[in-house]
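Peer 1: My questions concern the predicted model and sequence given below.
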Amino acid sequence: MPTSLKAIWPYLLLTLSQVCFSSNHILGRAVTDVVPPIGLSFWRWMGAVIILLPFTWRNILSAWPAIRAKWKELAFISFSLVILGNTSIYIGLNYTTAINASVLAVAQPAITFILSWLIFRDSITLGQAAGVAIAMVGVLTVLSHGNPLSLAEFDLNIGDLFILVAVTGLALYSILLRNVPKELTPIAQITVLQAMGAIMLSPAYLWESIYVAPLRFTAETLFAILWAAIVIAILAMWLWNLGVREIGANKASVYVYVRLLFVTVGAILILGET
């Protein structure tokens, strides 16, 4: 691989991952009337596992001793991703817009820096801190329409609170990726974490199906599940994990701002949001 390409490829992967992740907000908002949020999350992960397992089972089997030794850590990483990070997004999008959800995600880099320092005592460079501060000022300027005093009247609804839970979960997931056994390939790593998450999510899915609304398998719901499984749970997660593995969670976290751009454009063009 040429030196110039080798230097930039992790950043290209992270950019592409955010393009894919942006469709998660659009999809989650678009299907709120036809697909229950926990059902969409459950089948997103289960669908991804079913697709990936034929290609990853050999590596998972060979790495089983390492998986068994670290199963508690893996379960917590999976919980951060599947329960906190993604299911909360789909629930939140029932009550807030895709644009609001993406704007609130600007907190992820700051949360990532704080958690990485608290858990691993990772240092934060002056450039990283300045970059996050500049981006936060820009987003707050948009939110306030140039009038900082209007932020005092900015109210969070229940959907926004779920999005903030999701942002925290995704930040936690990213910094804990370093604890995944090295014996697992990146794609097998995704399979294991998503399978564990689907198992943990299954009681909530059963509850939703019985007491709230069952997921009905129509052409629309099947398209939503396949898109979420293939484009988001497999492709986006694989690209993101590769990028984080190369440059670390702190640097990777600022690519959330790329997602903000694509979610905003997609929400305006596809959902008619303003």
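Peer 2: All right, it came through fine.
Peer 1: Near residue 24, how many other residues are there?
Peer 2: By other Cβ atoms under 10 Å, 24 other residues sit near residue 24. For the C-beta atoms, the positions are set from N, CA and C on the backbone; glycine is no exception.
Peer 1: oh, and call the first residue 57 from now on, that's how I've got it
Peer 2: Renumbered: residue one is now 57, and that last one reads residue 80.
Peer 1: so it is in which element?
Peer 2: helix 59-86 (DSSP states H and E).
Peer 1: So what's the model's average confidence on the helix or strand where residue 191 lies?
Peer 2: In this assignment (DSSP H and E), residue 191 forms part of helix 182-200. In this model, helix 182-200 carries a mean pLDDT of 74.
Peer 1: and it, how far from the chain's centre?
Peer 2: Its chain's C-alpha centre and that of helix 182-200 lie 21 Å apart, by Cα atoms, centre = their mean, to the nearest Å.
Peer 1: CA-only coordinates of it in CSV, if you can.
Peer 2: Only the C-alpha atoms of helix 182-200 are listed here, as CSV (Å, rounded to 0.1, in the frame of the first residue of the first chain):
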residue,chain,number,x,y,z
LEU,A,182,-4.6,20.5,22.9
GLY,A,183,-5.5,20.1,19.2
GLN,A,184,-8.2,17.6,20.0
ALA,A,185,-9.7,19.8,22.7
ALA,A,186,-9.6,22.8,20.5
GLY,A,187,-11.3,20.9,17.6
VAL,A,188,-14.1,19.7,19.8
ALA,A,189,-14.6,23.2,21.2
ILE,A,190,-14.8,24.8,17.8
ALA,A,191,-17.3,22.2,16.5
MET,A,192,-19.4,22.6,19.7
VAL,A,193,-19.5,26.4,19.3
GLY,A,194,-20.6,26.0,15.7
VAL,A,195,-23.4,23.6,16.5
LEU,A,196,-24.6,25.7,19.4
THR,A,197,-24.6,28.7,17.1
VAL,A,198,-26.9,26.8,14.7
LEU,A,199,-29.2,25.7,17.6
SER,A,200,-29.4,29.2,19.0
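Peer 1: quick revisit: which positions in the helix holding residue 80 come out as buried?
Peer 2: 66, 69-86 (16 or more other Cβ atoms under 10 Å).
Peer 1: residues near the closest residue to residue 192 other than its chain neighbours, how many?
Peer 2: In space, and not counting its chain neighbours, residue 192 is closest to residue 162: 6.2 Å by Cβ to Cβ, 6 or more residues apart in numbering. Neighbour count of residue 162, defined by other Cβ under 10 Å: 22.
Peer 1: so residue 162 touches residue 191, yeah?
Peer 2: Yes. Using Cβ atoms under 8 Å, residue 162 makes contact with residue 191 at a distance of 6.4 Å.
Peer 1: Can you check which residues contact both of the two?
Peer 2: Common neighbours of residue 162 and residue 191 are listed as residue 313 (criterion: Cβ atoms under 8 Å, 6 or more residues apart in numbering).
Peer 1: Only the buried residues of the helix or strand hosting residue 229, if you could.
Peer 2: Secondary structure from DSSP H and E places residue 229 in helix 214-232. By 16+ other Cβ under 10 Å, the buried positions in helix 214-232 come out as 215-216, 218-232.
Peer 1: Which residues does it contact?
Peer 2: 129, 132-133, 136-137, 139-142, 144-145, 147-152, 156-157, 160-161, 163-164, 167-168, 171-172, 175-176, 178, 212, 296, 300, 305-306, 308-309.
Peer 1: the bottom helix or strand of the chain by mean pLDDT?
Peer 2: helix 182-200 (a mean of 74; mean pLDDT, DSSP states H and E).
Peer 1: Quick one: list the elements packing against that helix.
Peer 2: helix 154-160, helix 163-176 (3 or more Cβ pairs under 8 Å, 6 or more residues apart in numbering; DSSP states H and E).
Peer 1: and of those, who's closest to residue 324?
Peer 2: Residue 324 lies closest, by Cβ to Cβ, to one member of the helices and strands packed on helix 182-200: helix 154-160, at 7.9 Å.
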